[in-house]
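> Okay, sequence plus prediction incoming.
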Amino acid sequence: MGITIKQNTFFLISIGAIPGALLRWQIDEIFLVNIIGCFLLGFFNSLNISRRYKLTLGVGLCGSMTTFSGWSFHLYKLLSQGLYKLFLLDSISIAIMGVFAIGLGHMFAMKLNS
């Protein structure tokens with residue numbers, strides 16, 4: 001019996017998740033890694049590539065590179081240190097810049113697609 005669709009999907013996502021996690025560990029700067037990951041997510045999801053590449057690059061690589069738990073922990077540390085203004089600034093700026101980075105990645109991919 002061959003590989004099932006679920007096993008294949010698991011494998012494809014895992015292939016991207018390993019380098020994504022290693023990049024996150026090497027960069028070790030929550031804002032920078034999330035912006036890069038958001039740009040790449042917008043880029044990969046807007047390319048004319050097959051679903052399996054989008055699973056590997058978008059879900060696997062970008063998903064493990066940009067984790068909500070890492071961002072939440074960063075914000076929690078700011079709150080616990082009483083850095084309320086920085087908490088508010090980081091909360092808003094990371095979200096806005098992330099959406100902007102996704103849009104920028106989308107625009108780059110659309111230029112390549114045409």
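Sure thing, it's come through. Numbering: from 1, shown residues only.
> In this protein, which helix is the longest?
helix 84-113 (DSSP state H).
> For the closest residue to residue 103 other than its chain neighbours, the count of nearby residues, please.
Take residue 103 and drop its neighbours on the chain: the residue closest to it by Cβ to Cβ, 6 or more residues apart in numbering is residue 42, 6.3 Å away. Every residue, glycine included, has its C-beta placed from N, CA and C. Counted with other Cβ atoms under 10 Å, the burial measure for residue 42 works out to 25 neighbours.
> For residue 42, which residues are in contact?
Shown in contact with residue 42 (Cβ atoms under 8 Å, 6 or more residues apart in numbering): 101, 102, 103, 104, 105, 106, 109.
> out of those, who's nearest residue 19?
residue 105 (17.6 Å; Cβ to Cβ).
> what's the closest non-adjacent residue to that closest one?
residue 42 (2.9 Å).
> What's the separation between the one you found and residue 34?
Here residue 42 is placed at a distance of 13 Å from residue 34 (Cβ to Cβ, to the nearest Å).
> can you check residue 101 too?
8 Å.
> Between the two, tell me which one has more neighbours.
Set side by side, residue 101 and residue 34 show more neighbours around residue 34, with 25 against 20, by other Cβ under 10 Å.
> Just list the residues touching that one, thanks.
Going by Cβ under 8 Å, 6+ apart, residue 34 touches 66, 71, 94, 98.
> Leaving out chain neighbours, which residue sits closest to it?
Distance criterion Cβ to Cβ, 6+ apart; nearest residue to residue 34, sequence neighbours excluded, is residue 66 at 4.8 Å.
> residues near residue 71, how many?
Neighbour tally, residue 71, other Cβ under 10 Å: 19.
> by contact count, what packs against the helix or strand hosting it?
In this structure, residue 71 sits in helix 68-80 according to DSSP states H and E. Contacts defined by 3 or more Cβ pairs under 8 Å, 6 or more residues apart in numbering; DSSP states H and E place helix 68-80 against helix 30-46, helix 84-113.
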